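1. kindly return the folded structure for what I paste below:
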Amino acid sequence: MTALSLNPARTALLVMDYQPGIVARAPGADALLARMARVIAQARGLGIHVGYVRVAFEDADYDRIPPSNKGFSALAGARPMNAADPATAVHPAVAPEPGDVVVRKTRVGAFSTTDLDAQLRGRGVDTLLLAGISTSGVVLSTLRDAADRDYRLFVIADCCADPDPQVHEVLTAKVFPRQADVITSNDFAARDGQ
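-> Okay, the predicted model is just below:
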């Protein structure tokens, strides 16, 4: 494990796509939610900023999806994940508190369709702890973008989940370590006790 030396005032925990409609499809959802809730509580106790990213669409968002977007063009016709649907809210087990950063996105990564970077920079954040569903979706996209924005990065591997456990393992063991330190919720808890 990498030594977890964090400046809480300059660190944010990003809880990404932890929404009822997404969590329900994650392997081991109850245990995943329990780990995430514990990490959030520990982060708050340390004074670490907590941010939430959720994917949800308003009518105009669907209309802006071009046919060339392979991943999202099917959504434009079916119109799932509507912003008014409770399934797109942050899961109540890990809900935001007043003062937390909360953004709504309309693509895979946390930055491209939000003002997340500006909000984090405005708080002086230069270090991110990433957790999300799915590992091959929001976590991968956000990690790549955040690395290009020069954030110091940690991925909390057991607070991430993917429909394909093999893909999760390859990403957390072989791909993510090129740009981030990969830790577990227990590693974070051990840091909490320091």
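2. every contact and neighbour count from this point should use C-alpha atoms.
-> Noted.
3. what strands line up against the helix or strand Arg54 falls within, and which way round?
-> Using DSSP states H and E, Arg54 maps to strand 49-55. According to DSSP bridges, strand 49-55 forms sheet pairs with strand 11-16 (parallel), strand 101-105 (parallel).
4. so what touches the lowest-mean-pLDDT helix or strand in the chain?
-> The helix or strand of the chain with the poorest confidence is helix 73-78; it has a mean of 73 (mean pLDDT, DSSP states H and E). Contacts to helix 73-78, defined as CA atoms under 8 Å, 6 or more residues apart in numbering, come from residues 62-63, 65-67.
5. before we move on, back to that, what's the strand holding Arg54 in contact with?
-> 8-9, 11-19, 40, 43-44, 81, 88-90, 96, 100-108, 110.
6. just the buried ones from those residues?
-> Applying 16 or more other CA atoms under 10 Å to the contacts of strand 49-55, the neighbour count classes 8, 11-19, 40, 43, 81, 88-90, 96, 101-108, 110 as buried.
7. what stretches of the chain score poorly on pLDDT?
-> 1-3, 192-194 (pLDDT under 70).
8. mind listing what's buried in the helix or strand that the strand holding Arg54 is followed by?
-> Counting by DSSP H and E, the next helix or strand C-terminal to strand 49-55 is helix 59-63. Neighbour-count burial for helix 59-63, counted by 16+ other CA under 10 Å, picks out Tyr62.
9. who does helix 59-63 touch, helix- and strand-wise?
-> Packing partners of helix 59-63 (3 or more CA pairs under 8 Å, 6 or more residues apart in numbering; DSSP states H and E): helix 73-78.
10. so which residue is smack in the middle of the protein?
-> In the chain, the C-alpha closest to the average C-alpha coordinate belongs to Met16, at a distance of 2.5 Å (CA atoms, centre = their mean).
11. next one: phi and psi at Ala161?
-> Taking degrees, to the nearest 10, you get phi -150, psi 150 for the backbone angles of Ala161.
12. look up how far Asp61 lies from it.
-> Going from Ala161 to Asp61 by CA to CA, to the nearest Å gives 26 Å.
13. show me how far whichever helix in the chain runs longest is from its chain's centre.
-> Counting by DSSP state H, the longest helix found in the chain is helix 29-46. For helix 29-46, the separation from the chain centroid amounts to 13 Å (computed by CA atoms, centre = their mean, to the nearest Å).
14. how about stretch 126-133?
-> That offset, for stretch 126-133, works out to 6 Å (CA atoms, centre = their mean).
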